[in-house]
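Trainee: Pasting the sequence and the predicted coordinates here, then a few questions.
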Amino acid sequence: MVVFFGESHLVEDMQGTISQWVAAKARKVIGVESVPEAIEAAIQTAQDNNIQNCEFVVGDMKTIFTDEFVQIHGHPDIIITDPPRDGMHPKVVESIMRVAPQKIVY
C-alpha cells in the first residue's frame, strides 16, 4: 500500500486495515495484496468509512514495483509490510530495496 503522510507516499502489503488507519494522516495510500477477496474487502471497508485517499491493487510484492507501477501510483516514500511469521521473502526485500523508499515499517 502506498501511503503519503503529508506529502509522503506509502506502500502497505496487507488487507487494508493499516492503510485505512493511516489514511487520515496521508495524502495517498496504495494497498497491495495478492488475494483478490482481500482487496474487495478493503475497497468495501474504505467506502463504508468514506475514506477517499486509498487505492487497492491486487499484486505480488515480489514483482509489483515496476516502472509502470511507480509511474501510475507515484514513488513510495514509506512502505509498511505485514509479512508472514516466517519472514519476508528475499524477492520482496529485493523489490523494496530497488524502489528505495525513505522508510520501511516491518
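Mentor: Received the coordinates, thanks.
Trainee: End to end on stretch 54-70, go ahead and measure it.
Mentor: End-to-end distance of stretch 54-70: 16 Å, with Cα to Cα, to the nearest Å as the criterion.
Trainee: give the contact list for the spatially closest residue to residue 91 that is not a sequence neighbour.
Mentor: Leaving out its chain neighbours, the residue that sits closest to residue 91 by Cβ to Cβ, 6 or more residues apart in numbering is residue 62, at 4.0 Å. Where you see a C-beta, it was placed from the backbone N, CA and C, and this is true even at glycine. Residues counted as contacts of residue 62 (Cβ atoms under 8 Å, 6 or more residues apart in numbering) are 89, 91-92, 95.
Trainee: From residue 63, how far out is residue 26?
Mentor: 24 Å (Cβ to Cβ, to the nearest Å).
Trainee: Same drill for those two, tell me which one is more crowded.
Mentor: Neighbours per residue (other Cβ atoms under 10 Å) separate residue 26 from residue 63, with residue 26 holding more: 23 against 11.
Trainee: what's the pLDDT at the more buried one?
Mentor: pLDDT for residue 26: 82.
Trainee: quick one: it from residue 74, how far?
Mentor: Taken as Cβ to Cβ, the span from residue 26 to residue 74 is 12 Å.
Trainee: Residue 88 against residue 106, yeah?
Mentor: Yes - counting by Cβ atoms under 8 Å, residue 88 does reach residue 106; the two are 7.3 Å apart.
Trainee: Of those two, which one has the most company?
Mentor: Counting neighbours by other Cβ under 10 Å for residue 88 and for residue 106 shows that residue 88 has the greater number, 18 against 11.
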